[in-house]
Structure formats: C-alpha cells, structure tokens
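1. coordinates only, sequence not included:
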C-alpha cells in the first residue's frame with residue numbers, strides 16, 4: 001500500500017470519522033482541509049435507497065446551484081440560421097454544423113457541454129458513439145436538445161450541474177470550490193440535497209437517502225447528518 005503524505009495523514013487525524021455532522025459543521029471541517037496551492041473542487045455523494053436495476057427507480061436531473069460551481073464551462077452548440085447568432089451572443093464557445101461534427105470525429109473535443117437544436121440531430125446523431133461515453137451527447141431529457149439555445153447556454157455558464165445514479169444507487173456532483181465561503185457552500189449543498197430528495201421515485205421503499213458525504217479533491221470525506 002502506498003504511503004500517505006504528511007499532509008494527508010494530518011487531515012485524516014482531523015477528520016470526524018464516521019460521525020455525521022450538521023451541514024454547517026461539515027462545511028467548516030471541509031474548509032479546514034484547504035491546504036493546497038490550487039482551488040480544490042467540492043463534491044457531494046449521496047447513497048440512495050433505490051434499486052438501480054429498475055428503470056422506474058432511476059434518479060437523474062440537472063440543477064443550477066445558487067453560487068455556481070466555480071468552474072468555467074465551455075459550451076459547444078450545433079445550430080444553423082438565426083440560432084448560430086443567438087448561440088454566439090449567449091456566450092457559446094464553439095458553434096457549428098457539419099464542420100463541427102468533422103472536428104469531433106477527428107478527436108477535437110474542447111468543450112464540457114454540447115447543445116443542439118432539434119433540426120441538427122441528423123448531424124449530431126452519428127456522433128453518439130463518440131460523445132455518449134463522455135456524457136456529452138445532446139438529449140431532450142436533460143434539455144440539451146432545444147430551440148431555447150440562449151437560455152440553456154446561460155444555465156450552464158451559471159453553474160448548472162447534471163447527475164444520474166450509478167449502478168450502486170449513488171449520485172455524485174460538483175457543488176463548488178473550497179475558495180467559496182462557508183455560507184455559499186452550505187447553500188449550494190442544501191439546494192442539491194433538497195432537489196435530490198424531491199426526485200424520490202414513488203416505487204422506492206424504505207429510507208430514501210441513506211448517507212451523504214462531502215469531500216474536496218484532495219481531502220477525506222465528511223459525513224453530513226440526514227435532515
């Protein structure tokens with residue numbers, strides 16, 4: 001087993017272990033782990049009481065957090081006609097059609113989100129095998145196939161995050177940066193928790209949220225008390 005660094009050992013000693021803390025206390029402890037030169041991302045992980053093998057118990061969604069996520073999101077848009085100008089005016093980083101598809105096929109994928117107008121799906125469809133595994137394929141269910149191009153671009157630029165449960169019934173998402181104030185992180189985290197709780201499948205039985213942990217890029221996890 002690889003030796004842990006002195007910094008990681010020190011953080012582990014200060015971590016509260018398995019004892020869940022109030023959200024306010026958990027955020028305070030997490031902020032205390034801000035010992036690196038770079039601004040670490042803060043992530044939340046929630047263990048849900050769902051059966052991920054059942055299609056009607058899938059938990060997925062997207063949400064714009066109150067204080068964003070502290071990350072510059074690059075947005076690509078497939079559009080034509082007036083929607084090209086709309087996308088550019090809204091701050092899209094890459095806008096195009098067949099030429100953009102050719103770039104993607106050549107391996108040039110320099111964006112974090114991909115949006116397409118419905119009339120461009122004929123061009124976008126064949127890119128599924130490339131964009132799908134990366135979680136970048138536009139889809140109506142998450143709002144990235146739309147005619148409301150400017151609205152969706154603004155949402156992602158403001159810090160919209162997407163999530164879906166994994167095979168173990170867990171959901172994870174970035175909810176900010178360690179440079180955020182304790183209040184900003186707490187508000188973002190609470191907003192995310194409330195939203196996930198609102199998505200409880202009607203077929204899910206028993207306790208829905210079984211555990212919540214927040215962590216930074218290079219920190220131990222801190223357990224959060226269930227509300």
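-> Cool, the structure landed. The model shown is predicted, which means the values in this text are computed figures rather than measured ones.
2. quick one, what contacts residue 59?
-> Applying C-beta atoms under 8 Å, 6 or more residues apart in numbering to residue 59 gives the contacts 48, 50, 164, 165, 171, 196, 199, 200, 201. In short, each C-beta sits where N, CA and C put it, glycine included.
3. Quick check: nearest residue in space to the first one, chain neighbours excluded?
-> Of all residues not flanking residue 48 in the chain, residue 169 sits nearest, at 4.9 Å (C-beta to C-beta, 6 or more residues apart in numbering).
4. Just the buried subset of the contacts of residue 59, please.
-> 48, 50, 165, 171, 196, 199, 201 (16 or more other C-beta atoms under 10 Å).
5. In strands, which of those fall?
-> Applying DSSP state E to those, the entries found in strands are 48, 171.
6. tell me the two of the buried ones among the contacts of residue 59 that are most distant?
-> Using C-beta to C-beta, the two most remote members of these are 171 and 201, lying 12.6 Å apart.
7. what about the helices in the protein?
-> Assigned by DSSP state H, the helices in the chain fall at 6-14, 23-31, 82-89, 98-105, 121-124, 128-131, 149-157, 182-198.
8. For the fourth one, buried residues please.
-> Within helix 98-105, the residues that qualify as buried by neighbour count (16+ other C-beta under 10 Å) are 100, 101, 104.
9. OK, contacts around residue 96?
-> Counting by C-beta under 8 Å, 6+ apart, the residues that residue 96 touches are 76, 77, 78, 103.
10. Closest to residue 141 out of those residues?
-> Nearest to residue 141 among the contacts of residue 96 is residue 78, at 17.2 Å by C-beta to C-beta.
11. Could you report the neighbour count for the residue nearest to residue 48?
-> Neighbour count for residue 169, taken as other C-beta atoms under 10 Å: 18.
12. May I ask you to confirm that it is in contact with residue 45?
-> No. Judged on C-beta atoms under 8 Å, residue 169 makes no contact with residue 45 at a distance of 11.2 Å.
13. By mean pLDDT, point me to the weakest helix or strand of this structure.
-> Scoring the helices and strands of the chain by mean pLDDT, DSSP states H and E places helix 6-14 at the bottom, with a mean of 51.
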